[in-house]
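S.K.: Fold the following, please.
(4 chains)
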Number of protein chains: 2
Amino acid sequence: MTPEALERSKRWLGQSDLRPTRQRLALASLLVGDGQDRHVTAEGLHEAVLGTGDKVSLATVYNTLRAFCDAGLMQEVTVDGSRSYFDTRMDDHPHFYLEDDSHLTDAPAAELEIKALPSVPEGYEIAKVDVVIRLRKKG
Amino acid sequence: MTPEALERSKRWLGQSDLRPTRQRLALASLLVGDGQDRHVTAEGLHEAVLGTGDKVSLATVYNTLRAFCDAGLMQEVTVDGSRSYFDTRMDDHPHFYLEDDSHLTDAPAAELEIKALPSVPEGYEIAKVDVVIRLRKKG
DNA sequence: CTATGTGCAAATCTTTTGCAGGCTA
DNA sequence: TAGCCTGCAAAAGATTTGCACATAG
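M.R.: All right, here's what the predicted structure looks like:
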């Protein structure tokens, strides 16, 4: 992990009141170390962190992702019933989901224009609008 | 189950090449017996069928819902990572998801207007666009 | 009669939790 | 030092599967 990635990870964690432990910094540097947005599964992030040589248990990866979400640093995206995906980008934006290889990416939000939303039932308000564009390989 | 519901269930099953067994007809009549669209979970449908006095095992409910989807009679909707929802309505339409009580309903499709979709990456095509409007009780 | 379908229990898979020890502030 | 964290193993919950029996065509 570069000094820059470490710095970024600390700043990111610093937005919450979570302690900057070794494990959290290791995970954070993979998530936000280069300033780019990431979409990960717990399993995938666990493999990634092991790949860097750091050792973090799978349970801690799960707990940490959950803690990051609770702290408002990430959000969970539901696209596949069998796995949870976590996104470092916090605003409400559309996703592409590549069904062939179970891969989640951001769709350019600027290009999506929703002209009218269905009217919300009495007594309710919109918490979030999820738009998932499911893609498959052409041909 | 009324004769009408039975008739409707048979016609519905007849669209596929699935055999109209006692269990499938029992489930189908709960799903399409009154001609209305339904959103169910396996667990919920299982309780419902037991409530009518018919006996169908939970495993069979799971297998049957899966079979109905494979046969193109229903579709799975992914709104909650921990449970699968199944929808008898087959066209591409938006959903309301009541987060407080984990309840899924159709949103009036006519009222949703998507003016522009993000441009799809080279070599891919859109399989489906899922729009889930998550609602919470106001106040 | 033969291929399908069903039920049960056990297996699988993802995610959470209890608890003992470790570490941050 | 006190409280938060972590790791492990076990638990939990949803869904699938193997296999023997039942049933539709």
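S.K.: Contacts for the helix or strand of chain A with the lowest mean pLDDT next, please.
M.R.: Among the helical and strand segments of chain A, the one scoring lowest on mean pLDDT, DSSP states H and E is strand A:113-116, with a mean of 84. For strand A:113-116, contacts defined as CB atoms under 8 Å, 6 or more residues apart in numbering or on different chains pick out A:129, A:131, B:111-116. Glycine gets a C-beta too; all of them are placed from N, C-alpha and C.
S.K.: cutoff 6 Å now
M.R.: The contact list for strand A:113-116 (CB atoms under 6 Å, 6 or more residues apart in numbering or on different chains) reads B:111, B:113-116.
S.K.: How far away from the center of its chain is it?
M.R.: Offset of strand A:113-116 from its chain centre (CA atoms, centre = their mean, to the nearest Å): 25 Å.
S.K.: So which bits of it are buried?
M.R.: A:I114 (16 or more other CB atoms under 10 Å in any protein chain shown).
S.K.: hang on, the earlier thing: let's have the contacts of strand A:113-116 in TSV, adding distance to A:G123.
M.R.: Output for these, formatted as TSV (distance: CB to CB, whole Å):
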residue	distance to A:G123
B:E111	18
B:E113	24
B:I114	26
B:K115	29
B:A116	32
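S.K.: So which of those is the closest to DNA strand D?
M.R.: For these, the closest approach to DNA strand D (CB to the nearest atom of the strand) belongs to B:I114, at 28.1 Å.
S.K.: how much space between the closest one and B:V61?
M.R.: Counting by CB to CB, to the nearest Å, the gap from B:I114 to B:V61 is 34 Å.
S.K.: can you check A:E7 too?
M.R.: 53 Å.
S.K.: Give me the more crowded residue out of those two.
M.R.: Neighbour count, other CB atoms under 10 Å in any protein chain shown: between A:E7 and B:V61, B:V61 has more, with 24 against 12.
S.K.: which SS state does that one fall under?
M.R.: helix (DSSP: H, G, I helix; E, B strand; the rest coil).
S.K.: Any idea how many residues pack against the closest residue to it other than its chain neighbours?
M.R.: Once flanking residues are discounted, B:V61 sits nearest to B:H46: 4.6 Å by CB to CB, 6 or more residues apart in numbering or on different chains. B:H46: 20 surrounding residues under other CB under 10 Å.
S.K.: thinking B:H46 is in contact with B:N63, fair?
M.R.: No. The criterion here is CB atoms under 6 Å, and B:H46 misses it with B:N63 at 11.7 Å.
S.K.: in chain A, which strand has the most residues?
M.R.: Taking DSSP state E as the criterion, chain A has its longest strand at strand A:124-137.
S.K.: residue contacts, the most centrally placed residue in chain A?
M.R.: With distances taken as CA atoms, centre = their mean, A:D87 lies nearest the centre of chain A, 1.4 Å away. By CB under 6 Å, 6+ apart, A:D87 lies in contact with A:39, A:75, A:77.
S.K.: If it is in a bridge, with which residues?
M.R.: As for beta bridges, A:D87 partners with A:H39, A:Q75 under DSSP bridges.
S.K.: Roughly how far does it sit from A:L6?
M.R.: A:D87 is 22 Å from A:L6, by CB to CB.
S.K.: Then A:D17?
M.R.: 19 Å.
S.K.: And these two? Which one has more around it.
M.R.: A:L6 (16 against 7).
S.K.: Give the next helix or strand downstream of the strand or helix carrying that one.
M.R.: If you go by DSSP states H and E, A:L6 is part of helix A:3-14. As assigned by DSSP H and E, the chain's next helix or strand after helix A:3-14 is helix A:22-32.
S.K.: contacting residues for A:G81?
M.R.: A:G81 makes contacts with B:78, B:84, as judged by CB under 6 Å, 6+ apart.
S.K.: Likewise for A:Y97?
M.R.: The neighbours of A:Y97, taking CB under 6 Å, 6+ apart as the test, are A:79, A:104, A:132, A:134.
S.K.: before we move on, what about A:M90?
M.R.: A:Q75.
S.K.: which SS state does it fall under?
M.R.: Applying three-state DSSP: A:M90 is coil.
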